[in-house]
Every structure is written in structure tokens, then in C-alpha cells.
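> Okay, predicted coordinates and the sequence, questions at the end:
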Amino acid sequence: MSLSFPNPSRSYDSDRRRIRFWGHDSAMEVPFFLEENAIFILEPRTKNTEAGILEAFDAARERICEVAARTYAPGQHRSFYTLSASQFSPSRPPR
């Protein structure tokens, strides 16, 4: 089974400046972090507040989940995956 994102929950960690969200590979939950600066690449007009960052995440969720699915490596049993701004750079071609 491939990675899916049925749970729309996400949270903002202001100390580490990242958004946490979850994917699922069958019954296994897979945690992801999106670095905050990636949001400003995806949604340049984002308000630099928790609400603004989460709103921008929601607006870009489809693209974020696509990158997360490409980053995920089944069977490696990593504690979490971190998505960085460089993965969303306009000059970076999609894989």
C-alpha cells in the first residue's frame, strides 16, 4: 500500500519553526515535519503568525503531501521525515 494522508490534522511548533503532520502506510503512522521557511516559498503572502502559517499549509497541502510521498522510504522505519524549503524551490524540478 502507498502512503496516504487521510488525517488533516497538523500543528505548528513555534520553538522549532516547523509544522507537524502525519501520513499513513497501511496501519503505520508516519510523522512529517515541514520547515517553516518552506511555507513562505509555497505561499509567499503568508502572514508570519501561527494561524497564517497553518492556513498557508492547508492551501498548499496537496503539493506538500506529494513531496512527502516522494520523500517517504517504506521499510526504513525512520522516526520522522523533515521536508525542507529546498524541496519546494521554484528552480527545483519535480521528481
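That came in fine, so what should we check first? Residues are numbered from 1 along each chain as shown.
> Enumerate every residue touching Thr71.
Tyr81, Leu83, Gln87 (C-beta atoms under 8 Å, 6 or more residues apart in numbering). Where C-beta positions appear, they are placed from N, C-alpha and C, glycine not excepted.
> now with 7 Å?
Going by C-beta atoms under 7 Å, 6 or more residues apart in numbering, Thr71 touches Tyr81, Leu83.
> gap between it and Leu3?
Noted for Thr71: a distance of 9 Å to Leu3, by C-beta to C-beta, to the nearest Å.
> Repeat that for Arg10.
Counting by C-beta to C-beta, the gap from Arg10 to Leu3 is 16 Å.
> Note down every partner strand of the helix or strand bottoming out on mean pLDDT in the chain and its orientation.
Scoring the helices and strands of the chain by mean pLDDT, DSSP states H and E places strand 3-4 at the bottom, with a mean of 92. Strand partners for strand 3-4, identified by DSSP bridges, are recorded as strand 18-25 (antiparallel).
> Quick check: buried residues in the partner strand?
Applying a neighbour-count criterion of 16 or more other C-beta atoms under 10 Å, one finds Arg18, Ile19, Phe21, Trp22, Gly23 buried in strand 18-25.
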